[in-house]
Structure formats: structure tokens, C-alpha cells
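Participant: compute the structure for the input listed below.
(chains A, B and C)
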Amino acid sequence: MGWDLLLVLTVPLAVSVVCWWAPVALGRALTLGSGLLTFVLAAVLVPAKTTTALSGWLRADALSVVFLVAVTFLYAVTAIFTIGYMQPAGDARTTATYSRRLLAGLNLFAWAMAMTPLVNGLALLWVAIEVTTVISALLVAIDDTDRATEAAWKYVLIASMGLGIALLGTIIMYYAGASVFGSAYELFYPKLLGAAGHFPPQVVRLSFVLAVLGYGTKMGLVPVHTWLPDAHSEAPTPVSALLSGALLAVSFYAILRFYEVTERAIGPEFPRNVLLAFGVASILLAALYLASQRDLKRLLAYSSVEHMGVLAIGMSISSPIAVVGVLLHVLAHAAAKGTAFFGAGSVVRKFGTKDMTRIRGGIGALPWTGPMLVLAVLALSGMPPFGVFRSEFLIVSGGLADPRGAVAAVLVVGVTLGMLGLSWFTTRTMLTPSPDHPPRGETSNWIVCSMVIGLVALAVLGVHPPGQLSDLLTRAADELGAKI
Amino acid sequence: MTLLGVVPSTFSGGAEALALVVLLTEFAMLRAPLSRSQIRLYAFQSLAVSSLAVFVAATQHIDDLYVLAGLSFVLKVVLVPGIVLRLLGDSPVDLAGSNRFGVATMVLFAIGISVFGFFVVGSLPVHSHSLPAPALGLAMAVILVAFLLVILRADVVSQAVGFFSLENGVSVASLVVAAGLPLIVEVAFLFDLLVAVVVFGVLMRVHHGRAKTLSTETLDRLRG
Amino acid sequence: MGDIQLASAQIQVLQVLTIVVFSPLVSGAIAHLEARWQGRRGPRILQPYYDLAKLFSKETLVPEDAGWVFVVGPMVAFMCYMVVPLLIPVLTTYPMPLGYMGDILGGAFILALAGFSVALAAAETGGPYAQLGSSRAMTFGALIEPSILFITFTVALLTTTDLPYFEAAAARASLSQVIRPAHLLVALAFFLVVLNDTGRIPVETHSSTLEFGMIDEARTLEHSGPLFALLRWGSAMKQMILYVLLVNVFVAPWGLAGSRAAGSVLLAIVILLGKAFGVGAIFTVIDNSFSKLRLFKITEFMAGAFLLAILAVLVLYLGGG
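Facilitator: Numbers count the residues shown, from 1 in each chain, chains lettered A, B, ... in the order given. Have a look, this model is predicted:
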């Protein structure tokens, strides 16, 4: 199966290079092909046991595959959306150079994010995440407006500083390992996990805190989330979707890898408390910001902060069912947030503004993407029958069984508050009838198509996840030390 | 009084003094009024870090570290400052005079935060073969002051240099606690830094081209 | 001559006399060197002695409103400067009988008392520039005080006492003592303190005649005749005392007399003068290569000195640095 991993890592990279030179039409086709292919390759890995390649430097266990599936799924639907996003002519955004850059960047970005869960070892993990940062920073700046430049600068600065801290955490974890392995060794996961019980606790603790702080910056945990709304709102929509659905998730993956080691070294109590603190702060602050947002894409960005809070809180709950819920939430959030951003992109294109006080009658103007945006937002707010409902339900039911029942209560309150802001604004912009909305009609069928796929996936996750997927989630939760 | 007993050996005294140079350079960057002098200070700091790597390589007989020291010399002393200075080449605004606080206040802040760093690390049971343990405290102080540099100075060069020197601080820390880190990983770190520098440089240029200034005072449009 | 043994009391007196007698020489040499570097011919090296002689032969003018403090101030200061050499290693590696009278802090207090009495005497006249100088001198004196305190702490931590003799002995003992970061930092911090206390650039242009930039110099503007001579002489002594502390305690505590033999003590005087000229030369270079800081930027300089001093304590406190 090693060829599978290699293929996942070479195809997007090669396509990216081709896109930089090739005509836009060819680039679009290749991007679509690459997206679909990598998703299929990821799906092939779902039932497989741990796969390794390149003499152990690449490794995909169940946990990796969960995140790989999330990334490649979003990559594939974003590829579909991007075709539609580039279609209307006569816009500065559709010049050939811009399109080629965007396509090349998207593929490269997806490549880096797919690489993150596949590399073996904490050090390479850091390298991969840093690569995602620099590529995505350029993608945020690609629109070349004042606001985009500002957002990109803040993003690259804050995220890089955060990753500096994460690097320190990695090095300190290395030091913890050195007490067992001697001064020179590779930071491979199985090796670390095997010996974690003998690591000095104090050092592991510091390392974990630094890692959460550092990778948490990329993941958008409060209080180190400040770059997130800016970057998400100013980036081109396909980039926003990937940032929110996939990039935040892989940053969470990095934290989970540290969690694994820490949990085996000093037990689950400490890492859970750390995650709980960040999670509660994120969910509550995001709920407040959601209630006072006017910018459509910023609204979705704060919703991402909220969902990252849900993930962190979910991990802080000790029951296995909550951990399964967390992993399902990663997948569901990727699908839901991607779809919502696609809808937002469609609305923004149609109305020419992101200001929600000036958008009215969305459903009238956009017969397909309008209602689907509403559905996606409802899915994000945790409405059945979508995947987010199932995952949050699992987390909360795990939390109710937890000795600290208050955690579940905080979670429910936070999610409800968040839902209030999210659905209030969206439904107002979409459902309020308005006589002078722009002429009825979709901007592109590709956009509709991407959203349909997203919603179908969400519904499948919510109603009845495929057996092999559930099996995968259970195995991944098992790896995280939550045995069912 | 136990302190009298532990006179450090000439070796560790010298190593610590080098680490101290790294920290003092960080303070100098905090107060340096000119963008270009900040970049030169960064080059000097990187030189100190590279020397420290050679020092550890020689005393611990870790040959990989020679390679690393050489690479980081080429990259951080020559290439990165060169690139950034080149990018700044045609910007007429040389003054980074963008302090939100007076220099003395900034230095006092930085002293405070360094003390914090020292004590955080001091409470850890760190035993290092390669460098004296207080060097880890110094590295932590470098990292924290680098944060201060990014926060307190409002111009793109200071902020970028803040990030680069943060990486220097982490390098010192890694020399203390992880001198045996595999070479391939270290090289990957350095390569990443180079990519990040290019991105920082591109964005700095874009910002300068748009705003006609290196100051970040205008970057306040995105709120809420 | 080599076998003539001096009594402790004699050496003690010799310490004070060395400072009293040779301090104008050091000042003259520095002024001469400075002029040379600036391309001027400059005053004679012995010029300060002629100046003092001239001033002592003049009458004393006391402003009408000034009280007794105006007269007593310079004398108190001069006496203070004569006491400090008793406490510090001027000529010998071994402590003198009166050397235990006070530690570094004690010496600093006596120096501060001297500065205070000069400031008081200057303020007594009511002259605007003299008062300006006094208030500035006291302000910056207060700002540099934390650095001096932390230097003292460091010395105390390094040697478990705060007697200057022991710090010098520690540095002489081994190379690792000299190269240890705490020692380097504290020496550097003290260097900055000396730079400030002797009124050199970047804090003050010591040879300027522009009253607005003056700090220490402005305090003597109202005095004349013998009182002015005492002030001038006192400030030369203060400068030399600080140089002695810098070289004999921190930077280069070598070349001091190790025995009571008259020959070695005399040799120590010669070496001391050489070292003082050396320090003076360094200060002259700094004088000629930097510009004076604006008055409100002097705090930056103080912050720098404080940074070095506090780092010295920190590296020492956390693991022996």
C-alpha cells in the first residue's frame, strides 16, 4: 500500500507545477482530476491497517487516515467549486495569470495539508505544518488588495510565531525522549509512544503546553485566534474553504499527536485540562463574536473558532464515545464549513458585498445555492440530520457520562449561542424577501454541484455513516487511548 | 551559600557568555532605530548562534553539528539578511522609528519578561551534556523578547526580524536540550525558515508597494 | 630599596595620597589625548595643576544669599573623596586595616554623599544653571542607583561578601572566574556606570560650555577661587577613584602589590597610573566616536546599564553563571 501514500503526495505536487505553466482550462481539469484521485486514494486507505512508505518516513495509521479523508474530500469539492469560481469573465480575478497562480497555489496547499497527517514523527509534522502556513499566506494575499495584504501579513506573522513556540515544544519533547533513547534518535510516533511511559513528566508537561499554544495558534483557539477571521474573510473563497475545513483540522491533528504521547507519559488528566481551558475560551468568545458580526465570511470564520473549541472540549472529555465524536466532527465540520463557504462565495459574487446588512433576498436571487447555504448553516449549527449533529451529540453524550458534567453543559450553551448568531444573520440575509435583489439565476453550475456533494456527504455522515468509516473512527479513538 | 561552590568551568562560562551575546543582541534589536541596523544585528546574532553550534560540536564531538553550523551560517548570516536588505533596497524610508513606548520602557518590559522566562525554565529539571542549563533560560528569554519585539514595534521589518530571531532562540534551546537532533530534521527546519523568509519578504514588499511605508500603523482595517 | 617594608598605616596613607596627587595628572593626560585625537595641540598634561594653583591663590567670592552650605559643601565632598580610597584596592591585593570599614555599598554611599553636598552647595546660590545641574545630577543619580545596587548584589553573590577586595581576588584566581558571564556582565555594567558618573559621552559632553546640555559641570558654575579648586580637584579624584574601581576590581585586577615591600608598592603606583591612562584612553575614544544623547534619551542608557546588571544577577541566580 506504500504506493498509495506516495501517489497522494506526488500527484497534487505535480499538478501544481503543471498548473503554473499550463493553460487555465487544462489546469482546472487537472486540479479536478487530482482532487478526485487523492480522495479515492484516501478512501482506499480507510479499511487498511497501518501503512508505511519511504522506509518509515511516511506512515498512515487510523488517526492519519481520518484527517487525510477530511483534507482530500475538501480538496476534491473545492476543485469543483473553483471551476465555477473562475468562470465569469470580465473580472480582474479571472485573468489568466491570476487563475494559474490560484490553481497552482491550491494544489500546493492541498499537497502540504495531505502531507501533514502522512509524515511520521513530530519534527517532520512541524515542517509540514510550517509549509502549509507559508503557502496559505501567499494564497491569502493573492487578491492583492489592501485588506488581503493586511490579513496575509497578520496571518503569516502570528502563525509563524505560534509555530516557533510549537517548534520549541517539539524540541523539548525530543529532550524528554532523549532520557530513554540517548541523545540521537528519530522522533517516530511508534517509538515515542512505546517509550512515553518513561519520559520525565515535568518536561512532557511543558512540551504539551507549548505545542497546544503553538499549534493552537494555527488551529484558531482563543486567545491565539486573532489572525483567523481576517485571513478567512479576505482570502479567495476556495482558499477560505480549505483554510477553515482542512488547515484548522490538520493543526488539531498535530495537537492530537502531542496528546497521544503526553497521555501515555503522564496520564490523560493534565492534557485534558489544558484542552478544556482553551476549548471553553474558544467556544464562548466565538459565540459572542458570532452574535455581532456583519461580514458574511467573518461570520463563518468565527464559527470555525467555535467548532475548534468543540473539538478541544471533546478531547477533554474522558469517555471514548466523545473521542469518536471528535473525529467524526473533524469530517463533518470539513464538509459543512466547505459547503457554507461555497454558498457564501456564491452570495458574495452575486451581491458584490460581504456586508450582511446589505444582502437581502438571497433565496430569491440564488434558487439553488441560497437554500443550500441555509441548509449548510443549519448543519453547522448542529441541526439534524446532518453530520455535525451526530458528532456533537456523541460528544455531549460522552460529556454527560463524564464526572465533570458541567463540561457538557458549557458545550451545549456555547453551541446554542453560536447557533443563534449564525442562523439569525444567515436566515435574515437569505430568507428576508427583497424586491430589488439582483436578477434570479446561479452564477455557475459547478458551484451548485460542489454544494450538493457537500450536503449529501453531510447527510450521509449524519444519517448513517458507512460501516468502514465508523470502524476507522473507532480504531483512531483507540489509538488516542480511548478504548471502547 | 551554595552558589560560591559552583564556579562554572571555563568551557561552560564561555558557552554561557556566547548565549548571553545572543540575548543582548535581541535587546539591541528591540531598541535599534533603523531597519537596516536591525537586520545587521540579526546577522550578528545568527553568527553567535552558529559559533555556539561549532562550540558544542567541538566539545561534544557531534560532527553533524558542524554541517548544521555551516548551513546556518550561510543561511542566516549571509543569505537571509542579504535577501531582506535587498528587498529593502529601494525603500526610501529607513527609519523604523515606530515605537509604541519609549526605549527605556520597552527595555524594562523586556527585562520583566526575561525574568519570567528565566524562572519558568529554572523550575525545570533540565540536565544537558552539551551546554550549561542556564543557557536554556537565556534561550527562553530570547524567545520572549522576540515576541515583545513583534508586539511593541509597529513596522514590518521589526516584526519579520522578530520572527527570525525567535527561530534563533529556538536554535539555542535546541543546542541545549537536543544537540543530537538528526541532521535531516535540522536541515528541514532551516529550509523551512528560508521559505518563510521568502514569504515574509514578498509580503513586506507588497505592503511597502501598497502603503508606501514600512510602518504597520495603517494595518488596522480588519476588526471585529 | 626592595627590602624596605612599609607599615600598613603607611600604605594606607599612600593609597589616599596616590589618588589626591595623581588625579589631576590623569585628568590632564586625558584632556591632552583627547585634543590630540581631535587634531588640536591641546593643553599641557600638567595643566590641571597650574589651574589648581591659580585658583587657590584667588579670593573666595560668596554670593550674598548663600549660606554656610555653599562653603562647606565642596569641603565635605573633598573629604569624602579622600575617604573612599581607604576602602578600595588601590595599590595592594591584601586589604588594608581600614579597608573593612565599608563595603562596595559603603563606598557608593560616600560617593553619593559627596555628590549630594556638591549639589546642595550649588543649589544654595539660587543660580538657575547651578540648580538645573543639581537637579539633573540628582535625577540621573537616582536612575543609575538600581544598576549600582544590582552590581553590588552580583558581587555579593559571586564572592559571598561585598568587599571589593574579594571580587578582585576572585577574578585573579582563575580564568574561569573572569570569563563567567556574571563577571563579564557586571564589569560591563560598571563600565556604563563609570561612564555616567564621570560625565562622559553619551551622557554628557564634559568639555562643553553649553549650559543647557550640562549636568555635573553646571553645578560648579557659581563657585570661584579655592572652593572652585576643591570642586575641580574633587571631580578629578572621583574620576580616578571610579577608574581604580573599574580596573582593580572588575576588569584588570593584576599588577597590584602583593607584599609590603616598598619597591612593589611603588611599582603598583606606576602600573596603576598606566592602567588609569589606559581607561582614560578608552573613554576618550568613546567620547570621540559617539554623540551625546538627548537629555530625555539618557534613560535609555540607564536602562542598558540596568539590563546588564540585572542579567548578571539572573544568570548567577539560576545555575552558577
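
Participant: got the residues of the stretch 201-350 of chain A near chain B?
Facilitator: With C-beta under 8 Å from any C-beta of the partner chain as the criterion, the stretch 201-350 of chain A meets chain B at residues A:202-203, A:206, A:229-230, A:233-234, A:289, A:292-295, A:298. Heads up, the C-betas are built off the backbone N, CA and C, glycines and all.

Participant: mind listing which of those are in helices?
Facilitator: Mapping these onto helices (DSSP state H) picks out A:202-203, A:206, A:229-230, A:233-234, A:289, A:298.

Participant: a markdown table for the residues you listed, including neighbour count and pLDDT?
Facilitator: Putting these into a markdown table (neighbours: other C-beta atoms under 10 Å in any protein chain shown; pLDDT from 0 to 100) gives the following:
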| residue | neighbour count | pLDDT |
| --- | --- | --- |
| A:202 | 14 | 88 |
| A:203 | 22 | 89 |
| A:206 | 22 | 91 |
| A:229 | 26 | 93 |
| A:230 | 26 | 93 |
| A:233 | 25 | 92 |
| A:234 | 29 | 92 |
| A:289 | 21 | 91 |
| A:298 | 23 | 92 |
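
Participant: tell me the buried residues in whichever strand or helix holds residue C:85?
Facilitator: Assigned by DSSP states H and E, residue C:85 belongs to helix C:68-87. Within helix C:68-87, the residues that qualify as buried are C:70-71, C:73-78, C:80-87, counting by 16 or more other C-beta atoms under 10 Å in any protein chain shown.

Participant: which strands and helices sit next to that helix?
Facilitator: Under the contact criterion of 3 or more C-beta pairs under 8 Å, 6 or more residues apart in numbering or on different chains; DSSP states H and E, helix C:68-87 touches helix C:8-37, helix C:104-124, helix C:225-245.

Participant: quick one: closest of these to chain B.
Facilitator: When the helices and strands packed on helix C:68-87 are ranked by distance to chain B, counting by C-beta to the nearest C-beta, first place goes to helix C:104-124 at 17.2 Å.

Participant: pull the longest helix from chain C.
Facilitator: helix C:128-159.

Participant: flag every buried residue along it.
Facilitator: C:129-138, C:140-141, C:143-144, C:147-159.

Participant: cool, stretch A:459-473 as well?
Facilitator: Judged by neighbour count (16+ other C-beta under 10 Å), stretch A:459-473 contains these buried residues: A:459-462, A:465, A:469, A:472-473.

Participant: and for that stretch, what's in contact with it?
Facilitator: Residues outside stretch A:459-473 that contact it (C-beta atoms under 8 Å, 6 or more residues apart in numbering or on different chains): A:46-47, A:62, A:65-66, A:69, A:324, A:327-328, A:331-332, A:335, A:379, A:384-391.

Participant: mind giving me the ChimeraX command for buried ones among these?
Facilitator: Selecting only the buried entries of the contacts of stretch A:459-473 in ChimeraX, with 16+ other C-beta under 10 Å as the criterion:
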select /A:46,62,65,66,69,324,327,328,331,332,335,379,386,387,388,389,390,391
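
Participant: quick revisit: name the nearest of the buried residues of stretch A:459-473 relative to chain B.
Facilitator: Chain B lies nearest to residue A:472 out of the buried residues of stretch A:459-473, by C-beta to the nearest C-beta, at 29.4 Å.

Participant: any idea how far residue A:331 is from the closest one?
Facilitator: Residue A:472 sits 10 Å away from residue A:331, going by C-beta to C-beta, to the nearest Å.

Participant: what do these two both touch?
Facilitator: residue A:66.

Participant: where does the closest residue to residue B:218 other than its chain neighbours land on pLDDT?
Facilitator: Residue nearest to residue B:218 in three dimensions, not counting chain neighbours: residue B:211, with 5.2 Å by C-beta to C-beta, 6 or more residues apart in numbering or on different chains. Listed pLDDT for residue B:211 reads 77.

Participant: cool, residue A:196 as well?
Facilitator: 89.

Participant: helix/strand/coil for the residue of the stretch 351-484 of chain A found nearest chain C?
Facilitator: Residue of the stretch 351-484 of chain A nearest chain C, by C-beta to the nearest C-beta: residue A:481 (35.9 Å). Secondary structure, DSSP: H, G, I helix; E, B strand; the rest coil: residue A:481 is coil.

Participant: same list (the helices and strands packed on helix C:68-87) but as JSON lines, adding mean neighbour count and mean pLDDT.
Facilitator: Below are the helices and strands packed on helix C:68-87 laid out as JSON lines (neighbours: other C-beta under 10 Å; pLDDT from 0 to 100):
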{"stretch": "helix C:8-37", "mean neighbour count": "19", "mean pLDDT": "92"}
{"stretch": "helix C:104-124", "mean neighbour count": "21", "mean pLDDT": "89"}
{"stretch": "helix C:225-245", "mean neighbour count": "23", "mean pLDDT": "93"}
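
Participant: any chance of these in a markdown table, with distance to chain A too?
Facilitator: A markdown table is the format used below for those (distance: least, C-beta to the nearest C-beta, whole Å):
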| stretch | distance to chain A |
| --- | --- |
| helix C:8-37 | 46 |
| helix C:104-124 | 38 |
| helix C:225-245 | 41 |
